[in-house]
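**Q** based on what follows, work out the 3D shape:
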Amino acid sequence: MSEGLATQLIGQGLGLAVNAANPRWVSAFSELYTPGSQLLVALPHNRAQESEADHRGLIYMARAGYDPEEAVKFWERFDAYGKQAGAGNTPWFLRTHPDDGTRIQQLKQWMPEAKAQYRAK
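**A** Below is the predicted model:
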């Protein structure tokens, strides 16, 4: 929320500066700043949050006694279904979530930590 507010305030400040320099450019600036800030700030932040949620979820499921390897199997099935159904045509930089392949790779990277938690039970 604070990041969104900061992005908005920066946009307003830059908009005022553009207006002071040349009022004719305000509309063009507004048209470029909003999608640009979404593309360069908001979407990467969303993907990072989703990856963090995947990591935490993997650890929590392992602590609860569920085999963390099943998370990888789930995402592999989900990826295969998405490809079969024609999903995933959105370019990676426009996505709010990591693509399935990235999620699978991250889960595999976190697997030693999750398995340590799973074995502890």
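
**Q** how close does the residue nearest in space to the middle of the chain get to Gly57?
**A** In the chain, the centroid-proximal residue (C-alpha atoms, centre = their mean) is Arg47; its distance is 0.7 Å. As defined by C-beta to C-beta, to the nearest Å, Arg47 lies at a distance of 15 Å from Gly57. Where you see a C-beta, it was placed from the backbone N, CA and C, and this is true even at glycine.

**Q** His97 is in contact with the residue nearest to the centre of the chain, correct?
**A** Yes: between Arg47 and His97 there is a contact under C-beta atoms under 8 Å: 6.4 Å.

**Q** which one is the residue nearest to the centre of the chain nearest to, not counting chain neighbours?
**A** Spatial nearest neighbour of Arg47, chain neighbours left out: Pro98 (5.2 Å); criterion: C-beta to C-beta, 6 or more residues apart in numbering.

**Q** residues of stretch 85-94 that come out buried?
**A** Within stretch 85-94, no residue qualifies as buried by neighbour count (16 or more other C-beta atoms under 10 Å).

**Q** any idea how far it is from the chain center?
**A** 14 Å (C-alpha atoms, centre = their mean, to the nearest Å).

**Q** which other residues reach that stretch?
**A** 39, 43, 81-82, 99-100 (C-beta atoms under 8 Å, 6 or more residues apart in numbering).

**Q** and of these, the nearest to Val26?
**A** Of all the contacts of stretch 85-94, Leu39 has the smallest distance to Val26: 20.5 Å, by C-beta to C-beta.

**Q** quickly note the distance from the residue nearest to Ile104 when sequence neighbours are not counted to Asp54.
**A** In space, and not counting its chain neighbours, Ile104 is closest to Trp75: 4.9 Å by C-beta to C-beta, 6+ apart. Taking C-beta to C-beta as the measure, Trp75 falls 9 Å from Asp54.

**Q** ok, now Asn22?
**A** Distance, Asn22 to Asp54, using C-beta to C-beta: 46 Å.

**Q** who has more neighbours, those two?
**A** Between Asn22 and Asp54, Asp54 has the larger neighbour count (other C-beta atoms under 10 Å), namely 19 against 10.
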